[in-house]
Each structure stands twice: as C-alpha cells, then as structure tokens.
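Participant: Coordinates for the following, if possible.
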Amino acid sequence: MPDEATLKLTAAAEDWLEAQPKCAHLRFRLRFPDPARPYHAELHVEEKSLEGLSKATVDAVAERLKARFAPDLNDLTVRVMVKLSGFYDRAN
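Facilitator: From the prediction side, this is the model:
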C-alpha cells in the first residue's frame, strides 16, 4: 500500500485534473507503479474517454500537471489503457 504522502499527492493531483475543463470527460488514474522510483508516476487514461481529444492536448495537460506538482511528478508518463482497473480506483 502506498504511504500517506503518496496517497495525498495522488488525491490532490487527481482532483486538480478533474477541475481542468479539457478533462471533463476524461477517465484517468494516477499510479506510482515502482516503489523504488518514487518520482515515477504514470497517468493511466481510459482509451474510450479520449474521443475528441488530441494527443497534443493530453500531453499538454500532463505537462501542466507535472509543473503544478513538481518535483513529485517530474517523471510523469501517460499510458492509454483499454480499461482502468485496480485496488485504488475512484468513481468519477
């Protein structure tokens, strides 16, 4: 289980993303897949929710997310997923 600081960062970053106008219909989860690399985060985005959004738009949102939560998300990458799943999923 992630530590308290990681859980708080995840909640704050996901809340910030949800408030972005371009993310209104985006389904996503922020993950920290490798505990040995605490600054490596992955933004998992559900493929179906990307309809109407260009890759450039998603990349720009990810860059703003990195800047907003630097240095904690300096190594953020975006992964498109067919389906979101996992223990820490939230309803949005």
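
Participant: Residues touching the helix or strand containing Val80, excluding its own?
Facilitator: In the assignment (DSSP states H and E), Val80 maps to strand 77-81. Outside strand 77-81, the residues within contact range by C-beta atoms under 8 Å, 6 or more residues apart in numbering are 40-47, 50, 58-59, 62. Where C-beta positions appear, they are placed from N, C-alpha and C, glycine not excepted.

Participant: Pipe these into CSV and attach secondary structure per row.
Facilitator: Below are the contacts of strand 77-81 laid out as CSV (DSSP: H, G, I helix; E, B strand; the rest coil):
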residue, secondary structure
His40, coil
Ala41, coil
Glu42, strand
Leu43, strand
His44, strand
Val45, strand
Glu46, strand
Glu47, helix
Leu50, helix
Val58, helix
Asp59, helix
Ala62, helix
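
Participant: Which of those residues has the largest number of neighbours?
Facilitator: When neighbours are taken as other C-beta atoms under 10 Å, the top entry among these is Ala41 (26 neighbours).

Participant: Correct me if wrong: that one contacts Phe28.
Facilitator: No - here Ala41 lies out of contact with Phe28, judged by C-beta atoms under 8 Å, at a distance of 11.7 Å.

Participant: the helices in the chain, which residues?
Facilitator: Along the chain, the segments classed as helices by DSSP state H run 4-18, 55-68.

Participant: by contact count, what packs against the first one?
Facilitator: Counting contacts by 3 or more C-beta pairs under 8 Å, 6 or more residues apart in numbering; DSSP states H and E, helix 4-18 packs against strand 28-31, helix 55-68.

Participant: Which of those has the highest mean neighbour count?
Facilitator: Comparing those by mean neighbour count (mean count of other C-beta atoms under 10 Å), strand 28-31 ranks first with a mean of 20.

Participant: For it, the averaged confidence score.
Facilitator: Per-residue pLDDT values over strand 28-31 give a mean of 92.

Participant: what does stretch 3-21 give?
Facilitator: On average, stretch 3-21 scores 93.

Participant: what's in contact with it?
Facilitator: 2, 23, 26, 28-30, 32, 38, 61, 64-65, 68-69, 72-73, 88, 90, 92.
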